[in-house]
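Asks: What follows is a protein structure lacking sequence information:
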């Protein structure tokens, strides 16, 4: 789409220019009335006092604030050291658990290699033949204290009977003796062996043989998932190989037993290892770390007290220096502001002059196009009116002889005293000899005069629309029929745009809007003329109006070539134009946007490259 700047305000509206100039002078006088230096001095003095009071207050509060900060830092330092101590303790316990779990895995492998094939495998196979389903079928009961399901006494008794049957298997006593001999004087306190049903087929604490551990998470992890499961536990009393022990820290490990030479799980070992000495050492180390942290905390508090005094002295010095610098800054700023006041006043005057020149240039460009268009519009009716009047005058010249002959006969009739008069036919024939029948036909002059009246009507309509478009009393806002204004704008625009372009009006029902009429006319004339310049051959410009919510919407759509992608971001910039040199000033769209925004509205563009452009204007619906 070609972008031009055909902004019109009629013939620049002399009265409007005077009003605008007066308003500009009034605003400039008001701006000059604002004493920048005076208000800067007063504001700076007030701010100086406020800042001095604030600094004094802050200085008085700084001691308490710094003390609070020091306390928070000390607390944070203590927390960091406590966290470090706790992390050290947790890491030591975690490492202890990991190391002993690995040791238990190796122990299980050695133990299995030594006893499994010959002793445990046959024993476990026989134990698995003992049925347990009748015990498991006994329903668990909910405990009234904790609400958990627990086996009733009869279920426990049933599994106890299973344990007795297991211990009655031939070879149990020898197996139990071998396990005790292997584990004595080691850190292993207890060994339990489970079959793949979860039944305890062996325990160094014989009373536990026959227990059902199928729901135990450790057994499930080892038997179902093939993963070793270990945790650190504490027991007040514990039955070990060496007898009953008290208050011991133990590592409980569930370890899968694999068939020698394969990855098939054939059983699960549960091993309890004593780590009480190691945990005691970890606790002693943690206590030493905490004592060191306590000593460091005391040193930090002492340093904080020393720093508090230094900060208070430094704060007082800083307050004095800041106040002195503020006085120096005020003096420097006063000189700068005094100089800036003069520069701003000069720049404001130059800006107002530039704005006036900008508006005048736009109006002059518009005036030139309007004058050319109106002259063209008036030329056609003037030409055929002149021609018709000339032809009518020639026709009237042909009526001279018939009128003279008729006038002579009329005089004779009026002067005759009798009912009859004598007329010389020879004389009348001589006078009538030059009269043709066509000289007596009045239809042609009437037709020419009728065409002349039509031409005058066209000129009257043009002048009336031009008058409505450029009325001098529309510099101020008024209630305005926008549809009527759009019709007038389109009529005026047709005097400028080529006749090959059709302008279509599609107006909806609109309320009156409060606006500066001449400025709004200028906006839509700019948009219509831009649309016309975007159409290279035959085309159509459609102007639509309708309500959209509480705003009036006007769309100006053309069937032209659209706006190039690289030009679209710049269309609202002053002096940007894509028309040939001399065809536009590049001010039309920027001026239109400024006017619409000053009216509280919006203007936007929707473009489809090569398929036309739509400019949309949204204005408030009422005042």
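Replies: Great, that's in hand. None of these values were measured; they are calculated from a predicted model.
Asks: Which strands or helices does the helix or strand containing residue 182 pack on?
Replies: In the assignment (DSSP states H and E), residue 182 maps to helix 172-183. Applying 3 or more Cβ pairs under 8 Å, 6 or more residues apart in numbering; DSSP states H and E, we find helix 172-183 packed against helix 36-115, strand 200-203. Where you see a C-beta, it was placed from the backbone N, CA and C, and this is true even at glycine.
Asks: C-terminal to it, what's the next element?
Replies: Remark: after helix 172-183, the chain's next helix or strand is strand 188-194, criterion DSSP H and E.
Asks: and that next one, what does it pack onto?
Replies: For strand 188-194, the contact count by 3+ Cβ pairs under 8 Å, 6+ apart identifies strand 200-203, strand 229-240, strand 243-258, strand 265-274 as packing neighbours.
Asks: Not counting its neighbours along the chain, what's nearest residue 155?
Replies: Nearest residue to residue 155, sequence neighbours excluded (Cβ to Cβ, 6 or more residues apart in numbering): residue 138, at 4.1 Å.
Asks: which residues of the stretch 451-600 of the chain fall in helices?
Replies: Assigned by DSSP state H, counting those that start in this stretch, the helices in the stretch 451-600 of the chain fall at 482-493, 517-533, 588-598.
Asks: Report the secondary structure state of residue 278.
Replies: Assigned with DSSP: H, G, I helix; E, B strand; the rest coil, residue 278 falls in the helix class.
Asks: Can you check the pLDDT for it?
Replies: pLDDT for residue 278: 77.
Asks: quick one: it from residue 285, how far?
Replies: To residue 285, residue 278 is 11 Å away according to Cβ to Cβ, to the nearest Å.
Asks: just residue 308 next, same as before
Replies: As defined by Cβ to Cβ, residue 308 lies at a distance of 35 Å from residue 285.
Asks: again with residue 502
Replies: Applying Cβ to Cβ, the value for residue 502 to residue 285 is 97 Å.
Asks: what is the mean pLDDT for stretch 516-525?
Replies: Here the average pLDDT along stretch 516-525 is 84.
Asks: Please compute how far that stretch lies from its chain's middle.
Replies: Taking Cα atoms, centre = their mean, to the nearest Å, one finds stretch 516-525 lying 34 Å from the centre of the chain it belongs to.
Asks: From here on, call the first residue 105.
Replies: In the new count, where the first residue is 105, that last one comes out as stretch 620-629.
Asks: on that earlier part again, tell me which of the helices of the stretch 555-704 of the chain sits most buried.
Replies: Neighbour counts (mean count of other Cβ atoms under 10 Å) averaged over each of the helices of the stretch 555-704 of the chain peak at helix 621-637, with a mean of 26.
Asks: That helix to helix 586-597, inter-axis angle?
Replies: Angle of helix 621-637 versus helix 586-597, following axes from the mean of the first three to the mean of the last three Cα atoms, to 10 degrees, is 50 degrees.
Asks: mean pLDDT lowest for which of the helices and strands packed on helix 276-287?
Replies: Least confident of these, judged by mean pLDDT, is helix 140-219 with a mean of 74.
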